[in-house]
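Novice: Need a 3D model of the following:
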Amino acid sequence: MKALFAAAALLLPALCLAQATPAGLWKTIDDETKQEKSLVRISETGGVFSAKIEKVFDPSKQDVRCDKCTDERKDQLVLGMNILRNVKKNPSDAELWDGGDILDPNNGKVYKVRLKPIDGGKKLEVRGYIGAPLFGRTQTWVRIE
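Specialist: Numbers count the residues shown, from 1 in each chain. I've put the predicted structure just below:
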């Protein structure tokens, strides 16, 4: 029994750290209506994080295309679209991931992005900004277990 508790004590911090990264499935919430908007999966390859929209909750928006996008995503389906690119762990702040960009498919604009897991990794602060993080807005996404 003592060995079981010792093993659990060693594994628990590792499990908590795994949840404190942006990788995973997240539910996005509309800023204005506070309604569930989509499911976004953030994945990591070689220390670089990216994300795709896996599900759009509004049935009338299943076939919506990004007609306002100005890059290679123009006129692509929003469902399945890569909206987060090139995000890496911040070397000077262990709680932040940044350096990449995020697309708002509603207006086609691309913003610099900063990700910060909060509440033990159960939520993710996603800050899109232009120039400095001070000039932007933050959404809170909720992890789907």
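Novice: Quick check: bridge partners of residue 118?
Specialist: With DSSP bridges as the criterion, the beta-bridge partners of residue 118 are residue 123.
Novice: Hmm, it is touching residue 124, no?
Specialist: Yes: distance between residue 118 and residue 124: 7.1 Å, which falls inside the contact criterion (CB atoms under 8 Å). All C-beta atoms are positioned from the backbone trio N, CA, C, and that covers glycine.
Novice: For the chain, which segments count as helices?
Specialist: Defined through DSSP state H, the helices belonging to the chain, from first to last, are 2-19.
Novice: what's near enough to touch the residue nearest the centre of the chain?
Specialist: With the centre of the chain defined as its mean C-alpha position, the nearest residue by CA atoms, centre = their mean is residue 42, 5.5 Å away. For residue 42, the contact set (CB atoms under 8 Å, 6 or more residues apart in numbering) comprises 22, 23, 24, 25, 26, 49, 50, 51, 84, 115.
Novice: same thing but 7 Å
Specialist: Listed by CB atoms under 7 Å, 6 or more residues apart in numbering, the contact set of residue 42 reads 22, 23, 24, 26, 49, 51, 84.
Novice: picking that back up, more neighbours, residue 118 and residue 124?
Specialist: Neighbours were counted for residue 118 and for residue 124 using other CB atoms under 10 Å; residue 124 has more, 23 against 12.
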